[in-house]
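# okay, sequence plus prediction incoming.
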Amino acid sequence: MKVLLIGSGGREHALAWKLAQSPRLTKLFVAPGNPGMADSATLVDIGVDDHAGILDFCKSKAIDFVVVGPEGPLVAGIADFLRAEGFAVFGPSMAAAQLEGSKGFTKDICARYNIPTGAYKRFTNAEAAKAYVIEQGAPIVVKADGLAAGKGVTVAMTLEEALAAITDCFDGAFGAAGAEVVVEAYLDGEEASFFCLSDGKTALALATAQDHKRVGDADTGPNTGGMGAYSPAPVMTPDMVERTMKEIIEPTIRGMAESGYPFTGVFFAGLMITQKGPELIEYNVRFGDPETQVLLMRLKSDLLDLLYAASTGTLDQVSAQWSDDVALTVVMASKGYPGNYDKNTPITALPHTVDGEKVFHAGTALKDGELVATGGRVLNVTATGPNVAEAQARAYALVEGVEWENGFCRRDIGWRAVAREQG
């Protein structure tokens, strides 16, 4: 099969690395990709939002299968656009992608199909939203309804924080994404990421992961797109996985089909494991970043087989096998992230890796033959081990081999799980 992967981040590097291992693959292209992917795929200089350019490329190269990495093109309808031209695509339709594109849409689906989630209300003006927050009290969660690149969610521990978040949304801090706001109850518990493939009828559970959203050690400081992750997530016991499938994933697949938006692709469910059990924080309609990096380090099955089955309604004919090892990734970011940071800072050396180790590129480019950091989150330094402590030690040993003056990372990824192991 000739495959085109769309995207350029750490998630796509991990997908490219794993797809390249498939015996079914004849040629892998990535648009636009990044320098780290060059050993797995042929990079094509087409932007993720250039739907016409992508279609022309698919036609000219007789592409058999398109895998869409990021959420932006999915919410903008790229899967429908390519399917209408006869291409097999991994990723949901524009209508089904509303599960990520609109927080309010997801909450309404949860309400309709009794899917456990925090109580909520939707608002289109600041005064009403603020009155509701004052009535409810803090802690409380304020979300911009639309896509805000992981930045539109405020977990407000005080009323002042909540009111400021509402002002930000309606003052345009997140552009059109903040034209509607969802205010929801604060859920107390332990967060986990759960991944599941769907072909519109059948669900295939993938592995679990846990990521670290806050920028500072001990989970302090502002939220980010994720500073590291590990898999599996100890909180996701077999019983919790079964409950998540039964109470959250299966009703969603059924509800989406009944609503006229059958979902094909991957569900990335952000969960809070509360005293009641698993509750849905949010859905994403693509693989997580940096969770994909640790999931795919543990996947023993052919990723291409799994994604193609989800896209062609044959998910009931495949299964996913996983390594018992733990995988852990440390995100190296540009100093200043998630605020302002310098771009095009040089990365002068990367560590040598062996089996069970990989440095995924997330925000890099080549400038005059030199590797430079172009993003906030730049490298995903990843390792496996028989337990969390050993995977963590291997990953941080690799971090020491990265020579990049403007880079920083958290020093405690996996700390809760390590404490559990040692406790």
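That came through fine. Numbers count the residues shown, from 1 in each chain.
# when you work out contacts or count neighbours from here on, use the C-alpha atoms and nothing else.
Will do.
# buried residues in the helix or strand harbouring residue 192?
In the assignment (DSSP states H and E), residue 192 maps to strand 190-199. For strand 190-199, burial by neighbour count (16 or more other Cα atoms under 10 Å) applies to 191, 192, 193, 194, 195, 196, 197, 198, 199.
# what does the helix or strand harbouring residue 122 rub up against?
Using DSSP H and E, residue 122 maps to strand 120-123. Strand 120-123 is contacted by residues 104, 107, 129, 180, 181, 182, 183, 184, 185 when judged by Cα atoms under 8 Å, 6 or more residues apart in numbering.
# the third one and residue 183 touch, don't they?
Yes: the criterion here is Cα atoms under 8 Å, and residue 129 meets it with residue 183 at 7.4 Å.
# more neighbours: which of these two?
Comparing residue 129 with residue 183 by other Cα atoms under 10 Å, the one with more neighbours is residue 183, at 28 against 23.
# helix, strand, or coil at the more buried one?
Put simply, residue 183 is strand when judged by DSSP: H, G, I helix; E, B strand; the rest coil.
# residues touching the residue nearest the centre of the chain, list them.
Nearest to the geometric centre of the chain sits residue 288, at 1.7 Å (Cα atoms, centre = their mean). Taking Cα under 8 Å, 6+ apart, we find residue 288 in contact with 11, 268.
# are we agreed that it is in a strand?
No: according to three-state DSSP, residue 288 belongs to no strand; its state is coil.
# give me the phi and psi angles of it.
Dihedral angles of residue 288 (phi, psi; degrees, to the nearest 10) stand at phi -80, psi 160.
# re earlier: just put the contacts of strand 120-123 in JSON lines and tack on pLDDT and distance to residue 89.
As requested, these are arranged in JSON lines below (pLDDT from 0 to 100; distance: Cα to Cα, whole Å):
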{"residue": "104", "pLDDT": "89", "distance to residue 89": "26"}
{"residue": "107", "pLDDT": "90", "distance to residue 89": "27"}
{"residue": "129", "pLDDT": "93", "distance to residue 89": "39"}
{"residue": "180", "pLDDT": "89", "distance to residue 89": "30"}
{"residue": "181", "pLDDT": "91", "distance to residue 89": "32"}
{"residue": "182", "pLDDT": "90", "distance to residue 89": "31"}
{"residue": "183", "pLDDT": "93", "distance to residue 89": "34"}
{"residue": "184", "pLDDT": "93", "distance to residue 89": "34"}
{"residue": "185", "pLDDT": "92", "distance to residue 89": "36"}
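# quick check on residue 221: phi, psi?
According to degrees, to the nearest 10, residue 221 has phi 90, psi -180.
# right, and it touches residue 227 too?
No: using Cα under 8 Å, residue 221 is not in contact with residue 227, being 11.6 Å away.
# more neighbours: these two, which one.
Per other Cα under 10 Å, whichever of residue 221 and residue 227 has more neighbours is residue 227, with 26 against 12.
# could you report the distance from the more buried one to residue 343?
Distance, residue 227 to residue 343, by Cα to Cα, to the nearest Å: 18 Å.
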